[in-house]
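**Q** Sequence and computational prediction follow.
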Amino acid sequence: MKNNIFIFGDSYADPSYKFEEYDTWHFLLTRYFADYDVKNFGRNSTGPHYSFKKLYDLLFKEKQIKENDVIIFVLSGNDRITFYGLDPYISSDIKWRLDPDIQNDEKLYCHDLCNSDVRKYFDENKEKIKFSCKTFEEEIRYLNAKNEAFLYYISRVKKCKIFLMFKGNPFEFYDSNLNDKNFYKLKESLFEISHFEVSKNEEEYYNNSSVTYSTRTDKRSNHLSKENHFVLFDLIKKFIENDNIDYKWNTNFKKLDDCFFPDDINDQKIDQLKGDFIYE
């Protein structure tokens with residue numbers, strides 16, 4: 001029976017988040033580790049609630065995770081909550097903001113550009129959402145610290161390999177190094193890696209982050225350049241093969257327009273561009 005490689009995460013892992021014609025880190029793993037059964041559950045805009053439901057099913061219901069399997073996990077923001085009855089892909093447009101400086105009445109937020117289904121759901125369930133989030137606020141705040149600890153525990157109990165990456169906000173995680181042959185946490189956030197690909201000559205990008213992520217869509221597949229997709233693939237490969245891990249990210253080498261679509265491009269055109277490629 002083949003061993004498995006299970007991949008969980010958001011747009012940094014989603015095989016459908018592909019605009020440019022180059023091999024992604026997860027596709028390279030699929031091709032290189034042909035003797036493994038690779039299953040990618042990554043989905044754009046989802047968070048830990050979505051990913052861990054998939055993991056719980058595999059672990060407790062289906063009992064598919066076994067010794068020498070590999071789990072690759074991108075831990076997205078703990079504020080990406082999958083609200084009951086709402087598609088996880090659009091659920092992250094509703095957030096409970098954890099900044100202590102934000103007043104209670106302003107903590108619950110619904111993105112201005114959300115679709116009509118989200119707005120209707122939000123309007124109909126606003127008070128219920130607020131009650132739930134206030135009740136479990138500390139659980140939401142420290143969710144990813146618990147998630148990290150749980151993943152480490154699985155690596156011990158199941159004797160499988162777990163490669164952990166986080167999207168951003170490292171304060172959500174333990175400030176410790178538990179890395180060994182069965183557990184590896186990447187020290188850099190994926191947001192840092194993708195952010196610093198852009199040349200430092202792009203002053204507007206570094207002085208005003210709103211010129212990109214809130215107004216322009218990232219055209220890089222999984223938010224990474226071809227060069228850093230290969231670095232990440234090679235890093236995971238070395239971990240799986242118990243090789244010495246050394247790596248260096250490519251930084252300060254991309255123009256802003258190489259990484260982001262113009263801010264006047266519409267969602268329909270972006271979907272057409274995505275449709276030009278065959279996803280792995």
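**A** Yes, it's here.
**Q** only C-alpha atoms for contact and neighbour calcs from this point on.
**A** Fine.
**Q** Residue 236 against residue 163, yeah?
**A** Yes - between residue 236 and residue 163 there is a contact under Cα atoms under 8 Å: 7.3 Å.
**Q** per-domain residue ranges of this structure.
**A** 3-78+142-274, 88-140 (automatic domain parsing).
**Q** how about CSV for the ones you listed, with mean neighbour count and mean pLDDT added?
**A** Output for those, formatted as CSV (neighbours: other Cα atoms under 10 Å; pLDDT from 0 to 100):
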stretch, mean neighbour count, mean pLDDT
domain 3-78+142-274, 17, 91
domain 88-140, 15, 91
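**Q** For residue 70, see how far away residue 83 is.
**A** 29 Å (Cα to Cα, to the nearest Å).
**Q** Could you do residue 180 as well?
**A** From residue 180 to residue 70 the distance is 14 Å (Cα to Cα).
**Q** Contacts made by stretch 253-261 with the rest, please.
**A** Stretch 253-261 is contacted by residues 197-199, 202, 205, 212, 216-220 when judged by Cα atoms under 8 Å, 6 or more residues apart in numbering.
**Q** ok, those residues vs residue 40, which is closest?
**A** residue 220 (18.9 Å; Cα to Cα).
**Q** give me every residue that touches the residue nearest to residue 168 when sequence neighbours are not counted.
**A** Spatial nearest neighbour of residue 168, chain neighbours left out: residue 189 (5.2 Å); criterion: Cα to Cα, 6 or more residues apart in numbering. Neighbouring residues of residue 189 by Cα under 8 Å, 6+ apart: 165-170.
**Q** where's residue 61 relative to residue 159, distance?
**A** With Cα to Cα as the criterion, residue 61 and residue 159 are 19 Å apart.
**Q** cool, residue 207 as well?
**A** 46 Å.
**Q** what does the top helix by length along the chain rub up against?
**A** Taking DSSP state H as the criterion, the chain has its longest helix at helix 116-135. Outside helix 116-135, the residues that touch it by Cα under 8 Å, 6+ apart are 86, 90-91, 93-94, 96, 108, 110, 140.
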